[in-house]
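dropping the sequence and predicted coords here.
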Amino acid sequence: MSARRVLVFTAALVMALTATAVPAGAIDGIDVSRWQHPNGATIDWGAVRQSGQRFVFIKATEGATASAAAYVNPHFAGDWSASAAAGLLRGAYHYAQPSMPADSALIQARNFIATTGSMQGATDLPPVLDIEATNGLSPADMVTWIATWLFEVERLTGRRPIIYTGLSFWNNQVGGSSAFAAYRLWFARYVAGPTPGQIPTGFLTWTFWQRSSTGSVPGISAAVDLNTYCCAEANLLALAGPSTNPNAGSPFGGFDIAGAGPDGFLTVAGWTIDPDRPGPIVTHVYIDGQGTDMGAASASRADIGAAYGQFGPGHGFAWSRNGVAPGPHQVCVFGINEGYGTNTLLGCKNVVVPGGDPVGVIDSFARPDGRIDLIGWTLDPDTVAPTEVHAYIDGVGHNLGLAELPRPDIAAAFPGYGPAHGIATTLSGLSGGPHQLCLFAINRGTGSTRLLRCQGVTVPTGDPLGRIDTAIGLPDGKLRISGWTVDPDTTTPTEVHLYVDGVGHNLGLADRPRPDIATAFDGYGHSHGFDAAVGGLAPGPHQACLFAINRGAGSNRLLECRSVTVPGGSPFGIVDEMSVDASGFVSLRGWTIDPDTAEPTEVHAYVGGTGTNLGTADQPRPDIAAAFDGYGAAHGFSGTIGALAPGPQTVCVFAINRAGGANTLLRCATPSRD
């Protein structure tokens, strides 16, 4: 087998990766008996099917001797018909009660079939022997008894039964017998993880795994056994029917990839599993009807190991050869059956061995500032040498040079060509607006120069765009405005002008970092934000209109107009505390703001017409800063006046106006002495 195992495909002359669907993995089902009908409760089989369960095994009978009748599950007939009607595959099992002589196995087998019928329906799975009791029989007698039951059921139905058992029971009570290696195993082992791990001695692998006895399934009111089928849906369906289809044991898998490279190189890859064998199986490849043994499919495939855990990851194949003639070929891959079943066609693919015109993909990205970025790759199937690339813009040619930049992905996808087939360049100096761009790979050997793509490309242009995020009035006659703007013609920041009541203000360049704009407008960067303030405004309402000043083609853009009120008027505030002590001294505490300014406001207190200047309210009040944006925290006051004369005295506190407005009476009160 060639050491070059590749993942490359050709369709016509352009190689492109293709792959089959991800393996589906194991399939879920349940088994039931009378215990799933507590107090006679019925099972909602429609809900069971809708929950994702694909199959069910139903207990039919237990035991029976010449002198003792078999136990028959009273719910069997109803569950048997209702589960099939709901769309589940169904199977029946007999709980064995072995005894000697071995003729008791015949009695139990015949009573079982008398209850179930021959199980020839389209949805009927093979009959099952549930062997988990010995009743004192030796391992040798157990082997004889089991064989007698199995042979009789197969004689009566034409279907090879399945054996249900557990690890310890089989290894100890049946002696780990290998006499039944040809039978499918339904294996009970309750362990965490994707597989049960060790299986009973004498079996190569398991077909069904009972992984839990305490499951919960919609439609069933009691705990229920949960099971997993080992393999693919097609194999499970082949188990059902009038008689077990040989394909139930046929290999399954996927023909994932087929591809080609220079020098007549051809490769295939995929995976396959034989349901009856845990190890790798042989695969064959046919190229235009000529077969080759690819050997065992034993390459590690972690995805297969995850999907079909019992078989492990060692079921992949990857094969290649040289010397295949250039041109189209049909490639078919077979999984070669071992044991029951037939060889399986995993798939056929059409492959073109390369030769001829160059191939490649070059993407174009229109950018601001009159640029078009070109990124991609090209190679000539005839040579490993780099290929020359030409670009035509509106019919004018430009030699872009050799596509020789390293592209490890191309080297991996096209074995033998090496990585030097990449190109990354820029066409610049283009006018804004639509252009016709055509890219050619220049042929080096057989074949012709290849047009890789021809398309319309629009270089960004036009009026600036943007928006106002915030526009608010601030104290001291200020107006603050923030937002963003971009001119499609350039990555350079855009100038912003603000008109307040028709009076213009140049806010400078919108060059503050805005990562959100860089994300939204690829290629423009983040320097397109603005956050500025203008002052000297009178208190009251104003009309603020923001313009983005055009830099290239297009015109200045009115982004938005907003009504903004600059605060102004008389001071306001609250006297939080006014108290007088026994000596007649009055303590005052509170806060005040003059809406015209962020500067602290002066506070006066009057008692009986006599005023006291408490100074400016400039003590820190973080709560006021949080409540009144733009004013800061320095608006608290506290002080003491007095002493008051005996008797009731009225104290009034005024905030002294700083600009437009008037002094404000904050509070008048007659405090009581402590």
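Now that the structure is in, tell me what you want to look at. Numbering: from 1, shown residues only.

phi first, then psi, for Val486.
phi -130, psi 140 (degrees, to the nearest 10).

quick one: the helices in the stretch 101-250 of the chain?
With helices called from DSSP state H, counting those that start in this stretch, the stretch 101-250 of the chain shows them at 103-116, 139-157, 167-173, 233-239.

return the most buried member of those.
Highest mean neighbour count of the helices of the stretch 101-250 of the chain: helix 103-116, a mean of 21 (counted as mean count of other CB atoms under 10 Å). Any C-beta I mention is one placed from the backbone N, CA and C, and that applies to glycine too.

got the angle between it and helix 139-157?
With axes from the mean of the first three to the mean of the last three CA atoms, to 10 degrees applied, the angle from helix 103-116 to helix 139-157 works out at 40 degrees.

before we move on, back to that, for the helices of the stretch 101-250 of the chain, which one sits closest to Cys652?
For the helices of the stretch 101-250 of the chain, proximity to Cys652 was assessed by CB to CB; helix 233-239 is nearest, at 90.7 Å.

what mean pLDDT does the next helix or strand after the closest one have?
Where DSSP states H and E defines the elements, the next helix or strand beyond helix 233-239 is strand 252-261. In this model, strand 252-261 has a mean pLDDT of 90.

report the buried residues of the very next helix or strand once past strand 252-261.
Heading C-terminal from strand 252-261, the first helix or strand you meet, by DSSP H and E, is strand 265-273. By neighbour count on 16 or more other CB atoms under 10 Å, the buried set for strand 265-273 is 265-273.

between the residues you listed, which is nearest His505?
Ala269 (68.1 Å).

enumerate every residue touching the residue lying closest to the closest one once chain neighbours are set aside.
For Ala269, ignoring the flanking residues on the chain, the nearest one in space by CB to CB, 6 or more residues apart in numbering is Ala318 at 4.2 Å. Each residue near Ala318 by CB atoms under 8 Å, 6 or more residues apart in numbering is listed here: 5, 267-269, 299.

just put the residues you listed in TSV and tack on pLDDT and distance to Asn350.
Below are the contacts of Ala318 laid out as TSV (pLDDT from 0 to 100; distance: CB to CB, whole Å):
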residue	pLDDT	distance to Asn350
Arg5	31	20
Thr267	94	14
Val268	96	12
Ala269	97	16
Ala299	95	24
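
for those residues, work out which two are farthest apart.
Thr267 and Ala299, at 12.7 Å, using CB to CB across the contacts of Ala318.

all strands of the stretch 351-500 of the chain, in order?
With DSSP state E, counting those that start in this stretch as the criterion, the stretch 351-500 of the chain has strands at 359-367, 371-379, 387-393, 396-403, 405-406, 420-427, 433-441, 450-459, 465-474, 478-486, 495-500.

please name whichever of the ones you listed is nearest to Ser638.
Among those, strand 465-474 comes nearest to Ser638, with 26.9 Å by CB to CB.

what about the closest one, average pLDDT?
94.

that one pairs with which strands, and in what direction?
Using DSSP bridges, the strands paired with strand 465-474 are strand 478-486 (antiparallel).

give me the residues contacting the strand it pairs with.
For strand 478-486, the surrounding residues in contact (CB under 8 Å, 6+ apart) are 464-474, 494, 496, 498, 500, 507, 510, 514, 517, 521, 524, 528-535, 537, 542, 544, 546, 548, 557, 559, 564, 566, 630.

now stretch 206-225
Stretch 206-225 is contacted from outside by 29-32, 35-38, 41, 43-48, 50-51, 53, 57, 162, 164, 184-191, 195-196, 199, 226-231, 275, 310, using CB under 8 Å, 6+ apart.

those in strands, which ones?
In this view, the contacts of stretch 206-225 that belong to strands under DSSP state E are 29-32, 57, 162, 164, 184-188, 226-229.

closest to Asp576 out of those residues?
Out of those, the member with the shortest distance to Asp576 (by CB to CB) is Leu226, at 69.2 Å.

isn't that closest one up against Asp28?
Yes - if you go by CB atoms under 8 Å, Leu226 and Asp28 touch, sitting 7.0 Å apart.

okay, the two: which has more neighbours?
Per other CB atoms under 10 Å, whichever of Leu226 and Asp28 has more neighbours is Leu226, with 20 against 17.

and the more buried one, how far is that from Ala26?
Leu226 sits 11 Å away from Ala26 when distances are taken as CB to CB, to the nearest Å.

before we move on, what about Gln310?
Distance of Gln310 to Ala26, given as CB to CB: 9 Å.

got it, and Gly176?
Applying CB to CB, the value for Gly176 to Ala26 is 26 Å.

who has more neighbours out of those two?
Comparing Gly176 with Ala26 by other CB under 10 Å, the one with more neighbours is Ala26, at 21 against 14.

the more buried one contacts Phe311, correct?
No - look at Ala26 against Phe311 with CB under 8 Å: they stay out of range, at 10.5 Å.

neighbours of the nearest residue to Val534 once chain neighbours are set aside, how many?
Spatial nearest neighbour of Val534, excluding adjacent residues (CB to CB, 6+ apart): His505 at 4.7 Å. Neighbour count for His505, taken as other CB under 10 Å: 19.

what's whichever helix or strand His505 is part of in contact with?
In this structure, His505 sits in strand 503-509 according to DSSP H and E. With contact meaning CB under 8 Å, 6+ apart, strand 503-509 is reached by 481, 493-499, 530, 532, 534.

give me every residue that touches Asn550.
By CB under 8 Å, 6+ apart, the contact list for Asn550 reads 463-464, 487, 556-557.

can you rerun that using 10 Å?
The contact partners of Asn550, by CB atoms under 10 Å, 6 or more residues apart in numbering, come to 462-464, 487-489, 494-495, 556-557.

for Val384, same thing?
Applying CB under 10 Å, 6+ apart, the residues near Val384 are 262, 414, 416-418, 420-421.

can you put these in JSON lines and add neighbour count and distance to Thr383?
Below are the contacts of Val384 laid out as JSON lines (neighbours: other CB atoms under 10 Å; distance: CB to CB, whole Å):
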{"residue": "Pro262", "neighbour count": "20", "distance to Thr383": "8"}
{"residue": "Phe414", "neighbour count": "27", "distance to Thr383": "12"}
{"residue": "Gly416", "neighbour count": "14", "distance to Thr383": "11"}
{"residue": "Tyr417", "neighbour count": "23", "distance to Thr383": "9"}
{"residue": "Gly418", "neighbour count": "17", "distance to Thr383": "11"}
{"residue": "Ala420", "neighbour count": "19", "distance to Thr383": "11"}
{"residue": "His421", "neighbour count": "27", "distance to Thr383": "11"}
